[in-house]
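A.B. asks: The following comprises the amino acid sequence and a computationally predicted model.
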Amino acid sequence: MIELKSVSKIFRTDIVETYALRNFDLSVNAGEFVAITGHSGCGKTTLLNVAGLLEEFESGHYRLDGEDVKALSDNQRSHIRNRKIGFVFQGFNLIPNLKYL
C-alpha cells in the first residue's frame, strides 16, 4: 500500500523555488491499478521518483506498506526498492553498448 499525505517536493535555485508537488495526497491499496497522466511539467516524474524512494521530499508523510519512509537511510531505502519496487525507465539504458535496430 502507498499512502502520501500532504507531500511537497521543491526544486530550488538561487533565485527560484519551484513546487513539483504541493500538498499532494495519494492512496493506493494492494491490488489497485493506477495510471498517472498530465501535461509536461506537472510533476508526474517527480511523484514517481518520490514514491519509488529515488528522491526525498520536503514535507508531508509517506507510508509504504505501513512503514514511514521519511527518515530511512539511503541503505534502508535501497533495500526497500530492491524488495518492493520495480521500475521501467523511459530510456531503458540497460545495456549501453547495444544500438537501436
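C.D. replies: Happy to help now that I have it.

A.B. asks: Show me where the chain dips below the pLDDT cut-off.
C.D. replies: Counting by pLDDT under 70, the chain contains low-confidence ranges at 90-101.

A.B. asks: rerun that using 90 as the cut-off
C.D. replies: Within the chain, the ranges that satisfy pLDDT under 90 run 41, 71, 85-101.

A.B. asks: And the helices in it, which stretches?
C.D. replies: 44-51, 74-84 (DSSP state H).

A.B. asks: Not counting the shortest one itself, show me its contacts.
C.D. replies: Read it as helix 44-51. Outside helix 44-51, the residues that touch it by CB atoms under 8 Å, 6 or more residues apart in numbering are 2, 4, 7, 9, 20-21, 24, 26, 36-38, 55-57, 62. Quick note: C-beta positions are derived from backbone N, CA and C, even for glycine.

A.B. asks: do that again at 7 Å, thanks
C.D. replies: By CB atoms under 7 Å, 6 or more residues apart in numbering, the surrounding residues in contact with helix 44-51 are Ile2, Val7, Lys9, Ala20, Leu21, Phe24, Ile36, Gly38, Glu55, Phe57.
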